[in-house]
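> Sharing a sequence plus its predicted fold:
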Amino acid sequence: MRAATAPRLLTGVLLLAAACAPPAGLAATRPLGRVRHEQVPLHLPAAWRQQFEREAARLPALALTDPEAILRVRDCLYRVPWVDPQSVAVAPDLPAGIRAVYRPRTPRLALARGEKPVALLSSDGVVLPDGFGEAAMAHFLRVPLAPNQPVPAAGERVSDALQQEALSAALEAIAVRDAFGIPLARIERRFDFPADAVGVPPALSFVCGDGREICWGWSAASEARTAPPVAVRVPLETKLDRLKAVAALYPRLDGVSRLVLDRAVLRITGLAGEDLPRPAGF
């Protein structure tokens with residue numbers, strides 16, 4: 001996402017003091033759901049914070065010395081779908097209470113129905129709860145929902161092959177957009193990749209809002225762990241070298257309808273369907 005305008009969540013952590021009343025003794029029971037936010041992640045949506053507070057309110061009253069208290073606080077955080085479970089650390093902070101440190105999941109792509117973003121996907125493929133407005137969601141590259149696919153529930157991990165591969169390639173697409181000023185809007189299945197192919201992730205295109213596209217192929221991660229069904233594999237470095245040379249001739253890909261980077265021969269197609277000159281040496 002664009003650093004200047006899109007929401008950023010990883011710049012902050014949230015510290016939880018699960019029992020903040022003055023202690024009457026460590027063995028006394030306290031309501032674990034009494035919290036003090038010592039540091040809130042930057043730009044955390046109000047709806048997400050409220051969701052956390054609802055989960056915290058369900059915590060029981062236990063003594064700080066009860067081993068069950070740590071487990072209950074940890075499980076509470078695990079139930080919040082926007083919390084990155086890998087970041088959760090819970091430990092006693094006696095005599096004040098229990099300290100929990102965690103980070104939000106990182107929004108990476110927007111699931112879209114047509115042109116309309118309907119939910120955000122985290123970098124680890126989990127659907128995030130509502131909380132961002134349309135203006136904020138518009139800063140994220142879109143990946144389409146499959147035909148007849150309902151919007152997955154918050155906390156659900158996507159299993160659609162296109163959405164998984166788009167997540168693998170998302171940072172590559174963002175780098176292309178930001179480094180070359182190309183107004184990418186979405187990640188789609190490559191125009192000629194069969195929709196019914198099984199056993200291999202779909203090849204991708206990075207697409208501008210007006211339909212101009214970069215045929216990108218597979219993400220570097222997928223190329224490393226699978227054998228794409230093409231005769232020639234084009235490494236990420238080669239695609240970037242090709243794109244740099246093309247962008248020098250056609251800044252922002254103006255006048256280009258399709259740029260094929262993922263085949264043995266670089267191909268540049270103009271807006272009328274004509275082949276455009278390639279950079280020298282390509």
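Happy to help now that I have it. Residues are numbered from 1 along each chain as shown.
> List the buried residues in stretch 137-144.
137, 139-144 (16 or more other Cβ atoms under 10 Å). From N, CA and C alone the C-beta is placed, and that goes for glycine too.
> Which ones among the residues you listed lie within helices?
M137 (DSSP state H).
> Show me which pair in the buried residues of stretch 137-144 is furthest apart.
H139 and P144 (17.7 Å; Cβ to Cβ).
> Give me the phi and psi for D93.
Backbone torsions of D93, given as degrees, to the nearest 10, read phi -130, psi 60.
> The spatially closest residue to it that is not a sequence neighbour - how many residues pack around it?
Of all residues beyond its chain neighbours, the one nearest D93 is R99 (3.9 Å), with distances taken as Cβ to Cβ, 6 or more residues apart in numbering. Neighbour count for R99, taken as other Cβ atoms under 10 Å: 18.
> quick one: R99 is in a helix?
No - R99 sits outside any helix when classified using DSSP: H, G, I helix; E, B strand; the rest coil, being strand.
> what separates R242 from W216, distance-wise?
11 Å (Cβ to Cβ, to the nearest Å).
> Among these two, which residue is more densely surrounded?
W216 (25 against 20).
> in which helix or strand would I find that one?
strand 213-217 (DSSP states H and E).
> In terms of helix, strand or coil, where does K244 fall?
helix.
> So for R242 and W216, which residues contact both of them?
L261 (Cβ atoms under 8 Å, 6 or more residues apart in numbering).
> Take the buried residues of stretch 137-144 and keep only those in strands.
142-144 (DSSP state E).
> what would those look like in JSON lines with pLDDT and distance to T238?
Shown next, in JSON lines, are these (pLDDT from 0 to 100; distance: Cβ to Cβ, whole Å):
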{"residue": "R142", "pLDDT": "98", "distance to T238": "27"}
{"residue": "V143", "pLDDT": "98", "distance to T238": "24"}
{"residue": "P144", "pLDDT": "97", "distance to T238": "28"}
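> Tabulate the residues you listed in CSV, adding columns for distance to P152.
Below are those laid out as CSV (distance: Cβ to Cβ, whole Å):
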residue, distance to P152
R142, 15
V143, 12
P144, 13
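> and which of those is nearest L111?
V143 (6.4 Å).
> The closest residue to that closest one other than its chain neighbours and F206: what is the separation?
Closest residue in space to V143, ignoring its immediate chain neighbours: A166 at 4.1 Å, by Cβ to Cβ, 6+ apart. Noted for A166: a distance of 10 Å to F206, by Cβ to Cβ.
> Next, show the common contact partners of the two.
With Cβ under 8 Å, 6+ apart as the test, A166 and F206 both reach I187.
> who's more crowded, the two?
A166 (30 against 25).
> what residues are up against that one?
So A166 contacts 109, 143, 187, 204 (Cβ under 8 Å, 6+ apart).
> and whichever strand or helix holds the third one, how far from the chain's centre?
In other words, I187. In the assignment (DSSP H and E), I187 maps to strand 184-189. Computed by Cα atoms, centre = their mean, to the nearest Å, the chain-centroid distance of strand 184-189 equals 14 Å.
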